[in-house]
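Student: sequence-free structure coming up:
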């Protein structure tokens, strides 16, 4: 079977019919996104109706191992839910290509299905008209721009409330949609170049204004796609971010001029992007903050005072994060035309809110100095002395040692969590790795505050005693010091083995029984095993904190298994925040119980170590 498309000469009526067909299929492509959204809303409606019906029957929280709960688990609906949970878990498994993490199965499966659907829309009813096929690829790609831009929004993302998620989770779908758009545009450009060569007008048409703007948009799309590669992002995230931002602003106007039929799509995409930026700017507050180093570590503690209406939003959603930026008044270089000054216009780093002071309304952040420009600036601020400090590289008035910082938020998935302490779950396991405790500890405190009798266990693997000192002064949600809570278990990754008792006493203790029986790898970079040491109080030695017994790594598998073995009927929630390797390991252990039919709520809040 040969190539079916030809260079046809059409009359005006045929061109009009082609235009109608192009617009119709572009509408199909754009509106078809409502199908998965609608199906999910119907699922939520059905779940709400089922819960309402249960409430009308006067249901109550049954006791684990009770005959009623066992009977419910044997019901047809419960068996269906268990099978759906297994499918959902399987879809969430990681996919590796050439030894590199390439997303999750659900993204690949549904992304492939979406691509096949769009490819069908690109060829349906195109007949033998080569230009119809060429234009169809372009208009179908253009129709996806509003969806692509909406998926990327932080403040006004419409998919976040629909899927009860966060913009970070929704952003997983932004990437495959972007790849599909790029593929369609590549085919659109290749078909047009082939056409221009075939009719002998390549040079003449290529530099015509209408065509050339399309060429510029395609170049911008190539730059955007190239810098989005994992290797480039790891080499320079700032290069990726700046290129992404400039390209995202430039592409819609270029396509707007290039293709009249795509103007509505480009206008909607750009308007949504700009409106989101405006909303984020309005929601950003400039606060006087105190920045201090945490001794013996590369951590920086930021304490900022926020307006009353703003701080209440953070209290309502523990584990939220903010985007931090440095305003002009506090930037290292005062020359507004310098690259060093302008660079900070593109620096918006996310930090989890580690604590909220109910009395003062202060917000506390803990950041690790990673060598980037923003954390480097924060570290420099922490090293400056109070009073009006003026140096060659820093011009900023610092009353009482404070500097102005811009805070945008709150963001995060915690606002859409099920009620972990409201009876939906019988047991909760919280696992943190390193700085990931800034997400886990607020959740732990909130859980105990809302439900003091909740069965909650917290595991924290941290490099050294110094890295945990920022948390020792806080309480556990019941007014008890966090480090005296028998359900908080801290494992140190090494430096405590060579530290003195004073260093150990800064940390606190872990009362987990028999820590020596656990071993596992929670190395952040996967470059070898790191020995872990469980800290606990040895009362035989006068109550000193010691690590001289059973210096082993925490056995994450045994920790997870111990939680699930408490009762076969318990509903368990597992929340992890730490390095990627830790999250993957815990997920594999939890998955074994999901496939056994256990009902589990799982969330992995990805973080760097």
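Tutor: Done, it's in. Computed from a predicted structure; not experimentally measured.
Student: got any ranges where the protein has weak pLDDT?
Tutor: 1, 51, 54-75, 77, 384-401, 421-422, 473-479, 494-552, 607-609 (pLDDT under 70).
Student: in which helix or strand would I find the spatially most central residue of it?
Tutor: In the chain, the centroid-proximal residue (C-alpha atoms, centre = their mean) is residue 168; its distance is 3.2 Å. Per DSSP states H and E, residue 168 falls inside helix 167-199.
Student: chain center to that helix: distance?
Tutor: Relative to the centre of its chain, helix 167-199 is centred 25 Å away, using C-alpha atoms, centre = their mean, to the nearest Å.
Student: buried ones in it?
Tutor: Using 16 or more other C-beta atoms under 10 Å as the test for burial, helix 167-199 gives 167-171, 173-178, 180-189, 191-192, 195-196. Every residue, glycine included, has its C-beta placed from N, CA and C.
Student: so what's the residue nearest to the centre of the chain closest to, chain neighbours aside?
Tutor: residue 413 (7.3 Å; C-beta to C-beta, 6 or more residues apart in numbering).
Student: just checking, the one you found touches residue 169?
Tutor: Yes. Between residue 413 and residue 169 a contact is recorded at 6.2 Å, counting by C-beta atoms under 8 Å.
Student: could you pull out the helices for the stretch 301-450 of the chain?
Tutor: 308-316, 339-343, 373-383, 437-450 (DSSP state H, counting those that start in this stretch).
Student: need those in JSON lines with distance to residue 326 and mean neighbour count, can you?
Tutor: Formatted as JSON lines, the helices of the stretch 301-450 of the chain follow (distance: least, C-beta to C-beta, whole Å; neighbours: other C-beta atoms under 10 Å):
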{"stretch": "helix 308-316", "distance to residue 326": "19", "mean neighbour count": "14"}
{"stretch": "helix 339-343", "distance to residue 326": "10", "mean neighbour count": "13"}
{"stretch": "helix 373-383", "distance to residue 326": "6", "mean neighbour count": "19"}
{"stretch": "helix 437-450", "distance to residue 326": "20", "mean neighbour count": "24"}
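Student: among those helices, which is nearest residue 10?
Tutor: Ranking the helices of the stretch 301-450 of the chain by proximity to residue 10 (C-beta to C-beta) places helix 339-343 first, at 50.5 Å.
Student: picking up where we left off before, the residue nearest to the centre of the chain and residue 604, how far apart?
Tutor: To residue 604, residue 168 is 11 Å away according to C-beta to C-beta, to the nearest Å.
Student: same check on residue 472?
Tutor: 26 Å.
Student: now swap in residue 152 and tell me
Tutor: For residue 152, the distance to residue 604 - C-beta to C-beta - is 21 Å.
Student: those two: who's more crowded?
Tutor: Using other C-beta atoms under 10 Å, the more surrounded residue of residue 152 and residue 604 is residue 152, with 22 against 19.
Student: list the contacts of the residue lying closest to residue 407 once chain neighbours are set aside.
Tutor: Of all residues not flanking residue 407 in the chain, residue 322 sits nearest, at 5.2 Å (C-beta to C-beta, 6+ apart). By C-beta atoms under 8 Å, 6 or more residues apart in numbering, the contact set of residue 322 is 350, 351, 353, 363, 365, 407, 408, 409, 410, 411.
Student: out of those residues, which is nearest to residue 128?
Tutor: residue 411 (51.0 Å).
Student: so what pairs up with the closest residue to the closest one other than its chain neighbours in the strands?
Tutor: Spatially, and ignoring its direct neighbours in sequence, residue 411 is nearest to residue 321 (5.6 Å; C-beta to C-beta, 6+ apart). Judged by DSSP bridges, the bridge partners of residue 321 are residue 352, residue 411.
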